[in-house]
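Student: Just to be clear, the model below is a prediction. Sequence and coordinates:
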Amino acid sequence: MEVIIFTEDFLLELYKIASRYEDRKAALLPVLHYVQEKEGMISLEAEKDIGEFLDIPVVHVHDVVSFYHLFHQTKKGKCHFSVCQTTSCALLGGEDIIEHLQKRLNIKPGETTPDGKFSLTLVECLGACEIAPMMQCNKEYKGLLNKKKIDELIDQNR
Ligand code: FES
């Protein structure tokens, strides 16, 4: 799926973001956040356009997009679960949480439900080990998870 990002309004917003930085290249992360917020993902076409706009090699833009799990190269569901799979969460039941989510949503990590409502990603420590096992539901942290909480979250977002 290609996304054409350079409409006049879009470009104006990118200029505003870039103008906050002395070196235009430093605006890469905020520009990527903006593009993702508007488009729901960062396509290869968008990476190319962003690279040209900021005068950064497209391969560097792609490296940044693929390094951070916060950036998506495919469209995610309306409710995107990013489940922590690192040690503290794993030791406190994270694997059961992941298995339960897969069963309830009938998808595997990296997939989106056919109705586009849910997607599931496995991520490394989100820095909230004190509420393990935990996950991010879009931008919100959900912790001390158990199967009942997962079911409630799914029902709320159906
Ligand atoms: S190990 Fe899961 S949040 Fe740190």
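Tutor: Happy to help now that I have it.

Student: Pick out the residue nearest the middle of this protein.
Tutor: residue 70 (3.7 Å; C-alpha atoms, centre = their mean).

Student: Over to that residue. Which of the three states is it?
Tutor: coil (DSSP: H, G, I helix; E, B strand; the rest coil).

Student: if I look at it, how far off is residue 37?
Tutor: Counting by C-beta to C-beta, to the nearest Å, the separation of residue 70 from residue 37 is 11 Å. All C-beta spots, glycine's among them, are computed from the backbone N, C-alpha and C.

Student: got a list of contacts for the worst-scoring helix or strand of the chain on mean pLDDT?
Tutor: Every helix and strand of the chain was ranked by mean pLDDT, DSSP states H and E. The lowest is helix 8-18, at a mean of 91. Outside helix 8-18, the residues that touch it by C-beta atoms under 8 Å, 6 or more residues apart in numbering are 24, 27, 30, 31, 34, 38, 53, 54.

Student: Please identify the buried residues of it?
Tutor: Using 16 or more other C-beta atoms under 10 Å as the test for burial, helix 8-18 gives 10, 13, 14, 17, 18.

Student: Which of these sits closest to the ligand?
Tutor: residue 17 (29.9 Å; C-beta to the nearest ligand atom).

Student: Hmm, which of the contacts of helix 8-18 is lowest in pLDDT?
Tutor: Sorting the contacts of helix 8-18 by pLDDT puts residue 38 at the bottom of the list (87).

Student: quick one: it from the ligand, how far?
Tutor: Separation of residue 38 from the ligand (C-beta to the nearest ligand atom, to the nearest Å): 29 Å.

Student: could you say what helices and strands the strand or helix carrying residue 32 packs with?
Tutor: Following DSSP states H and E, one finds residue 32 within helix 28-39. Applying 3 or more C-beta pairs under 8 Å, 6 or more residues apart in numbering; DSSP states H and E, one finds that helix 28-39 contacts helix 8-18, helix 44-54, helix 58-67.
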